[in-house]
Each structure stands twice: as C-alpha cells, then as structure tokens.
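> sequence below, structure please.
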Amino acid sequence: MRFSAKCKFRSTFFTGVLYGSGQTWHEQRRFTLTTLRDFGFGKQSMEELVEEEAVELVNIVEEAYVGKPVDVQFLFNIKVLSSIWRIVAGKNLDHFDPDLLEACKLLNTTMREMFNPLNRVIINYPIIFNVLMMKLNLTPFGKTFGSLINLCEKDMKEHLQTYEDDYARDFIDAYISHAATSQEGSSFHGKNFELNLKNVLVDLFIAGSETTSTTLAWGVLFMVMEPDIQRRVQEELDAVVGRERAVKIADRPRLHYTNAVVHEIHRKADILFSAVPHAATEDSEIGQYCHKKNPEKKILLCTEGQLRGEGGRVWRYAPVTNDDNPLCP
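Residues are numbered from 1 along each chain as shown. Model prediction:
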C-alpha cells in the first residue's frame, strides 16, 4: 500500500478518475463506481446488452468482411464503446454512426499519443501543456484529446438542456443530479462540475473500450496462431453450451478449458504498456532506489516478472500443462 496514492498532475486538465488525485479522485471514483452499478454495470442487464452488441458484430462481420482483411480491434472498439455509450449517455448508436466512428478514431490516436515520451514530459510543465498543447493544439495529442473532450461536451450540453429533476436516464443525468446538491469545496460543485464530468466521460471511454478491445484482439490473434487450442475451445463450447444460444456468465463454472485459456490470454498478452501513475504514501525503497513521499512524483510499478509471473507460479489458472498449452512459454 506504500504506492497506493494517486499522483498529482500540475495541469488542471487532468482530473476525473484516471488522473485525478486527493479528494477529487476519491469523490469521482466513488460516485462513478456506485452509479455504474445502479445502471447495470456488472449485472445481468449489462450481460444482455453485451450479448446484443456481440450478435450484431458477428452479423456485420458475416455480411461485410468474410474473405476480406479487417482491423478486428477497430471493430471491437466500436461495439465496446457503443455499449459504454448506452450506459453513459443513454444512446443506442448504430455501428456506422458518425459520432461513434469518430470517437473510436480519436480514442485510438489518443492512446498512441498519450504515452509518447515527449508528451509524458510536456504534461509535467503546466504552462507548456495548457497553452501549447491544449489551447493551441500544436501537437497530435492536444488535437485528438481536445476533440475527444469536445465530443463528450456535446453530450453533456444535450443532457443539461433536457435534464429533468428526479429522473436520471443515464450516467450523465445522475452526475448532473448529484452536482446540483453538492456543497462548496466538492469536486462536483461550481466550475469543477463541467471539467470533472468531461474528464470522467473520457476516462470511461478510454479505460472501458481500449482495454477490452485490445484483450479481444489478442484473443483472436492467439486463436489464429494456435488452431488446436481454438478447436478445443470450440469443442467445449459446443458440448456445454451448444450453438442454439449465446454463452452466459452462468456457464463459466462448466467451461474449464475455455476459462483457463481466457486467463492465459490475459497473462500472455500485452494489454497496456503503462499503468496509471501512482505516488508514494511514505518514504520507500525499491532495490537501490529511494522514493520520497511526494504527490507530484510519479511512479510506474510494472515489470515483466510481475506481469508474467516467475515460472508461472503466481498464476492460479493454467490450461493443463505447458506441454499441452502452446500459449504457455
């Protein structure tokens, strides 16, 4: 827990859940988790929504992409983002909706630029970041991140115009309702309201869609590279679930091999190349390095050993044995 604190960014643009800190982070995170659960996140209603999007994706692939090259991650991104959008903004967007396609392109570019070494340096200097990057849009990151913020602002303004007291249609309505009763000093109050709402929306789109679509894309790659494993997964799905209905979460306890393969995909795949920065809550040492307690000193704890496990011993789930599972190194 020595590195459990969220680091403090000097730029006022970084608030919300992913890059917020202190009271702002605690308030925004608690509200976001509670409200998402209220709207079905992690519940059966969310499973039905995901199933609906998955069926539509399969139909689109069969109709338009059979025998043709296709960017599967972009397709996954569209459907995952569409599911999130339905909870967050109450919109059921078509697969080819211009706003949805634009959001996916902006997210892809934002993720690439976010961890550009030059950008990582710039965000630590508020004058350079706020003026050159965000206001003047002189870098690709500034342009794409600004466009993503504007897209979220569009939905926010629509909700402010149509909002009705005591009737929350979606996450944005619930946020507006909560802000209306907030007190001075709260991250929901006054000028903090719009800034934090826009950042939380961007956080949800980035954290929710990019990680999920990347995991699915790795899964497709591994299945293509290892047809024997693909065959065994399909055989188990046919035996346990059949082909007359979609797989349910309730089927998981009986899908032993498939469940193990999913865990192995997470273990072997490179989902994110950098974690969210944290800060030391007390003076600490890691090896020969000393980290002083400082909310502005960013720490990224991520090693290959931690990701893969030493000899696989720290991972509970392994599909049978290394010899039987080519995904195991």
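
> how about residues contacting stretch 189-209?
Contacts with stretch 189-209, where a contact means CB atoms under 8 Å, 6 or more residues apart in numbering, come from 12-20, 24, 28, 32, 77, 80-81, 84, 88, 103-104, 107, 110-111, 145, 148-149, 152-153, 155-156, 171-172, 175-176, 179, 182-184, 186-188. (Glycine included, C-beta is placed from N, CA and C.)

> among those, which are in helices?
24, 28, 32, 77, 80-81, 84, 88, 103-104, 107, 110-111, 145, 148-149, 152-153, 155-156, 171-172, 175-176, 179 (DSSP state H).

> next, count neighbours for the closest residue to residue 81 other than its chain neighbours.
Leaving aside its chain neighbours, residue 81 sits nearest to residue 209 (4.3 Å; criterion: CB to CB, 6 or more residues apart in numbering). If you count neighbours by other CB atoms under 10 Å, residue 209 ends up with 25.

> cool, residue 260 as well?
For residue 260, using other CB under 10 Å, the count is 18.

> same for the helix or strand hosting it, what does it pack against?
Per DSSP states H and E, residue 260 falls inside helix 256-268. On a contact count with 3 or more CB pairs under 8 Å, 6 or more residues apart in numbering; DSSP states H and E, helix 256-268 meets helix 211-225, helix 227-240, helix 304-308.

> secondary structure class for the residue nearest to residue 81?
helix (DSSP: H, G, I helix; E, B strand; the rest coil).

> can you tell me which residue sits nearest the middle of the protein?
In the chain, the centroid-proximal residue (CA atoms, centre = their mean) is residue 207; its distance is 1.8 Å.

> pull out the buried members of the ones in helices among the contacts of stretch 189-209.
Neighbour counting with 16 or more other CB atoms under 10 Å marks 24, 28, 32, 77, 80-81, 84, 88, 103-104, 107, 110-111, 145, 148-149, 152, 155-156, 171-172, 175-176, 179 as buried within the ones in helices among the contacts of stretch 189-209.

> got the contact list for residue 93?
Counting by CB under 8 Å, 6+ apart, residue 93 has contacts 82, 85, 86, 99, 100.

> apart from its chain neighbours, what residue comes closest to the third one?
This points to residue 86. Nearest non-adjacent residue to residue 86 (CB to CB, 6+ apart): residue 92, at 5.6 Å.

> just to revisit the earlier point, need the contacts of residue 93 in a markdown table (columns: neighbour count, pLDDT and distance to residue 254).
Converted to a markdown table, the contacts of residue 93 look like this (neighbours: other CB atoms under 10 Å; pLDDT from 0 to 100; distance: CB to CB, whole Å):
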| residue | neighbour count | pLDDT | distance to residue 254 |
| --- | --- | --- | --- |
| 82 | 24 | 86 | 30 |
| 85 | 24 | 86 | 33 |
| 86 | 20 | 85 | 30 |
| 99 | 15 | 81 | 40 |
| 100 | 19 | 82 | 35 |
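
> what's the closest of these to residue 283?
residue 85 (43.7 Å; CB to CB).

> my guess is the closest one contacts residue 79. True?
No - when contacts are counted by CB atoms under 8 Å, residue 85 is not listed as touching residue 79 (10.5 Å).

> low pLDDT regions in the stretch 151-300 of the chain?
Low-confidence segments of the stretch 151-300 of the chain, defined by pLDDT under 70: 272-281, 286-287, 291-300.
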